[in-house]
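Q: I need the structure of the sequence given here:
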Amino acid sequence: MADMCQSCGMPMKQGPAGGGTDTDGTKSAEFCSYCYADGAFLAPDITAAEMQQIGIDAMKEKGLPRPIGWLLTRNVPRLSRWRSKS
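A: Residues are numbered from 1 along each chain as shown. Below you'll find the model as predicted:
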């Protein structure tokens, strides 16, 4: 299993379900439960920049300063979900 979601960059172990699910119900090795369920992305039309902003906002809500959120999400466009769209 990947150590981080290849859509949002969140550590897989931090997701409530420990990973999203494929169409057959098995755990996805690449994507977390916030991004992926039943073999499909929960936000299929989102862009990498929008995903990065969601991550920054979520970390800000947890009390992290915005610059730290940016540092932790700066690699989102390089994750496998987004590389295939370039």
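Q: what about the residue located most distally from the centre of the chain, helix or strand, and which?
A: Ranked by distance from the centre of the chain (Cα atoms, centre = their mean), the top residue is D24, with 20.7 Å. Secondary structure assignment for D24, by DSSP states H and E: no helix or strand.
Q: quick one, what contacts it?
A: By Cβ atoms under 8 Å, 6 or more residues apart in numbering, D24 lies in contact with G39. The C-beta positions use only the backbone N, C-alpha and C, and glycine is treated the same way.
Q: so how far is G39 from it?
A: 8 Å (Cβ to Cβ, to the nearest Å).
Q: can you give me the strands for the chain?
A: 36-37, 40-41 (DSSP state E).
Q: contacting residues for the closest residue to L64 other than its chain neighbours?
A: Of all residues beyond its chain neighbours, the one nearest L64 is L72 (7.8 Å), with distances taken as Cβ to Cβ, 6 or more residues apart in numbering. Residues near L72 by Cβ under 8 Å, 6+ apart: 9, 55, 59, 64.
Q: turn those residues into a markdown table, including neighbour count.
A: Output for these, formatted as a markdown table (neighbours: other Cβ atoms under 10 Å):
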| residue | neighbour count |
| --- | --- |
| G9 | 20 |
| G55 | 20 |
| M59 | 19 |
| L64 | 14 |
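Q: which single one of the residues you listed is nearest to R78?
A: Checking the contacts of L72 against R78 by Cβ to Cβ gives G9 as the nearest, at 9.2 Å.
Q: isn't that closest one right up against P77?
A: No - judged on Cβ atoms under 8 Å, G9 makes no contact with P77 at a distance of 9.9 Å.
Q: from Q53, how far off is K27?
A: Per Cβ to Cβ, K27 is found 27 Å from Q53.
Q: done for today, thanks.
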